[in-house]
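**Student:** The sequence and its predicted three-dimensional model are supplied below.
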Amino acid sequence: MKNKRVATLTLDDGRSVELPILAGTLGPDVLDLHNLSKLGLFTYDPAFFSTASCSSKITFIDGDAGLLYYRGYPIEQLAEKSDFLEVCYLLLHGELPTAEQSADFNYRVKHHTMVHDQLARFFNGFRRDAHPMAVMVGVVGALSAFYHDSLDINNSEHREISALRLIAKLPTIAAMTYKYSIGEPFIYPKNKFSYVENFMCMMFATPAEEYVPNPKLVRALERIFILHADHEQNASTSTVRLAGSSGANPFACVASGIAALWGPAHGGANEAVLKMLEEIGDVSRVEEFMKGVKDKKYRLMGFGHRVYKNMDPRASVMRDTCYEVLKELRLEDDPMFKMAIALEQIALKDPYFIERKLYPNVDFYSGIVLRALGIPTSMFTVIFAVGRTIGWISQWNEMMSDSERKIGRPRQLYLGETKRNYMAVNKRR
Ligand code: CMC
């Protein structure tokens with residue numbers, strides 16, 4: 001903390017308290033409200049519009065300027081120059097790995113990609129038409145029933161092994177979820193492939209057909225994973241931290257994060273964007289659709305963000321990736337892409353969106369890329385979960401390494417009945 005500054009809060013009854021102002025390395029200053037308890041007061045900030053729930057050294061967002069840094073590195077540089085496992089190492093350990101550290105990390109992740117054979121039997125308990133996120137919540141939570149040897153949350157080596165297991169096994173479970181839904185046999189991981197190639201192989205190979213990865217498509221999915229890897233204290237990450245604050249194990253915490261991610265206001269938005277584009281159906285109907293958005297009949301999915309009041313830097317990378325993938329697949333005339341461009345162009349000029357500072361977010365284009373890669377719409381949020389797992393586990397690990405960790409326990413503004421006495425049923429009206 002740079003220097004000691006304070007704000008003084010004076011109540012209408014004359015009592016006052018000093019609130020220290022804390023300065024981070026970047027971003028707005030933060031009022032430390034611990035002293036409020038001296039006045040018997042709590043803050044009221046539903047949906048956390050003005051609340052920093054923790055301190056962290058992992059990810060920085062400047063929503064007004066449209067900046068996103070992982071451990072200080074701009075997302076655009078990482079998306080262009082890095083690979084997903086290097087980004088995982090960076091988020092988890094705080095620094096980019098040396099060549100030796102990178103080789104070791106790759107080896108260790110690769111050798112944790114298989115799941116316990118008995119875990120495969122879980123899938124038979126689900127309907128084939130279950131939403132893949134429903135299956136993910138259950139199966140990832142079940143990992144805690146299999147890996148008892150890494151569940152001591154106070155042991156940093158155990159936490160590291162759990163992190164490696166989660167990063168390594170999530171793609172395997174995600175691909176199994178997909179294969180189960182279409183009635184095809186599970187494909188085992190192959191160590192000759194990179195992390196992303198391996199995931200695509202488990203998704204698209206069959207026992208009858210070898211999988212030959214297309215480097216451009218692999219690179220596109222690698223970028224999607226990098227862009228989704230972390231996003232500071234969003235809804236699912238805060239869920240993981242809160243679950244972890246009680247001492248729950250990392251597999252259970254990540255399952256809770258997957259549940260929070262599922263909603264259409266968060267990770268479910270990429271699926272919702274594609275459904276929206278399908279409903280619009282044609283560029284000629286874009287204007288009419290936008291009228292409904294402005295009349296607040298429905299939202300323009302993939303637009304707006306709690307923190308970004310400028311272009312989401314991930315959306316710009318995703319739009320470029322979209323061009324590249326569609327070109328590679330000779331799908332430049334893709335009607336979905338044309339509709340998305342038309343929607344974006346109207347929105348960026350329209351006072352409704354300008355006044356509210358609504359810009360495309362990462363999900364606006366990612367769905368079009370995923371669809372072009374052959375990934376079905378219902379799997380989109382699963383892909384987000386695979387990418388975000390490293391963010392969840394890095395944030396969880398940061399919290400668990402803090403010796404002053406305490407259980408998260410918000411208070412409330414109570415608006416219910418005051419005290420009243422129990423009444424026998426025959427006296428109630
Ligand atoms: N389309 C139309 N109007 C919108 C939209 C939208 N997508 N988003 C916000 N607004 C309007 C909203 O109606 C409100 O208007 P008014 O001031 O007249 O009441 C104003 O903008 C502020 O919206 P809010 O709901 O109070 O803002 P929020 O910060 O609570 O919500 C959000 C953020 C992301 C949930 C919201 O923008 C939204 O629902 N977007 C669509 C879903 C989406 O794309 N989500 C993905 C987010 S990025 C991926 C991730 O991090 O998970």
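**Tutor:** In hand now; what should we look at?

**Student:** residue contacts, the closest residue to the ligand within the chain?
**Tutor:** Using C-beta to the nearest ligand atom, residue 304 is the residue of the chain that sits closest to the ligand, at 2.4 Å. Bear in mind the C-beta positions are built from the backbone N, C-alpha and C, glycine included. If you count contacts by C-beta atoms under 8 Å, 6 or more residues apart in numbering, residue 304 has them with 356, 358-359, 361.

**Student:** any idea how far residue 345 is from it?
**Tutor:** Plainly put, residue 304 is 17 Å away from residue 345 if you go by C-beta to C-beta, to the nearest Å.

**Student:** ok, and which of the contacts of residue 304 reach the ligand?
**Tutor:** 356, 358, 361 (C-beta under 6 Å from any ligand atom).

**Student:** Out of those residues, grab the one that's most surrounded.
**Tutor:** Neighbour tally across these (other C-beta atoms under 10 Å): the maximum, 24 neighbours, falls on residue 361.

**Student:** Which residue is the nearest non-sequential neighbour of that residue?
**Tutor:** Counting by C-beta to C-beta, 6 or more residues apart in numbering, residue 312 is the residue found nearest to residue 361 once chain neighbours are left out, at 4.4 Å.

**Student:** isn't that neighbour right up against residue 303?
**Tutor:** No. Using C-beta atoms under 8 Å, residue 312 is not in contact with residue 303, being 9.6 Å away.

**Student:** Tell me the residues of the chain that contact the ligand?
**Tutor:** The chain comes close to the ligand at residues 231, 234, 265-267, 269, 293, 299-306, 356, 358, 361-363, as judged by C-beta under 6 Å from any ligand atom.

**Student:** can you do 5 Å?
**Tutor:** 265-266, 269, 299-300, 302-304, 306, 356, 361, 363 (C-beta under 5 Å from any ligand atom).

**Student:** And the residues you listed, which two are furthest apart?
**Tutor:** 266 and 356 (19.0 Å; C-beta to C-beta).

**Student:** OK, contacts around residue 334?
**Tutor:** Residue 334 sits in contact with 326, 368, 372, where contact means C-beta under 8 Å, 6+ apart.

**Student:** Okay, buried residues for stretch 270-282 please.
**Tutor:** Of the residues in stretch 270-282, 270-274, 276-277, 280 count as buried by neighbour count, 16 or more other C-beta atoms under 10 Å.

**Student:** just stretch 110-122 next, same as before
**Tutor:** Under the neighbour-count criterion of 16+ other C-beta under 10 Å, stretch 110-122 has 110, 112-113, 115, 119, 122 buried.

**Student:** mind listing the helices for the stretch 101-250 of the chain?
**Tutor:** With helices called from DSSP state H, counting those that start in this stretch, the stretch 101-250 of the chain shows them at 132-142, 156-182, 195-204, 215-228, 235-245, 250-261.

**Student:** quick one: contacts for residue 65?
**Tutor:** Listed by C-beta under 8 Å, 6+ apart, the contact set of residue 65 reads residue 310.

**Student:** On the C-terminal side of the strand or helix carrying residue 76, identify the next helix or strand.
**Tutor:** Using DSSP states H and E, the element containing residue 76 is helix 75-81. Where DSSP H and E defines the elements, the next helix or strand beyond helix 75-81 is helix 84-93.

**Student:** ok and that next one relative to helix 156-182, angle-wise?
**Tutor:** 140 degrees (axes from the mean of the first three to the mean of the last three C-alpha atoms, to 10 degrees).

**Student:** now for helix 84-93, which elements pack on it?
**Tutor:** strand 67-70, helix 99-110, helix 156-182, helix 195-204, helix 215-228, helix 380-401 (3 or more C-beta pairs under 8 Å, 6 or more residues apart in numbering; DSSP states H and E).

**Student:** and of these, who's closest to residue 352?
**Tutor:** Of all the helices and strands packed on helix 84-93, it is strand 67-70 that lies closest to residue 352, at 25.2 Å by C-beta to C-beta.

**Student:** now what about the closest one, what contacts it?
**Tutor:** 26, 58-61, 74-75, 78, 87, 90-91, 229-231, 312-314.

**Student:** Buried ones only from the residues you listed, please, as a PyMOL command.
**Tutor:** One line in PyMOL is enough to select the buried members of these, burial here meaning 16+ other C-beta under 10 Å:
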select buried, resi 58+59+60+61+75+78+87+90+91+229+230+231+312+313+314
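
**Student:** CA atoms of stretch 360-368 as CSV?
**Tutor:** Extracted as CSV, the C-alpha positions of stretch 360-368 are listed here (Å, rounded to 0.1, in the frame of the first residue of the first chain):
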residue,chain,number,x,y,z
PRO,A,360,-19.5,-6.5,-27.7
ASN,A,361,-18.1,-8.8,-25.1
VAL,A,362,-16.0,-12.0,-25.6
ASP,A,363,-19.1,-14.1,-26.2
PHE,A,364,-20.4,-12.2,-29.2
TYR,A,365,-18.0,-13.8,-31.6
SER,A,366,-16.8,-16.9,-29.8
GLY,A,367,-20.0,-18.9,-30.6
ILE,A,368,-19.5,-18.3,-34.3
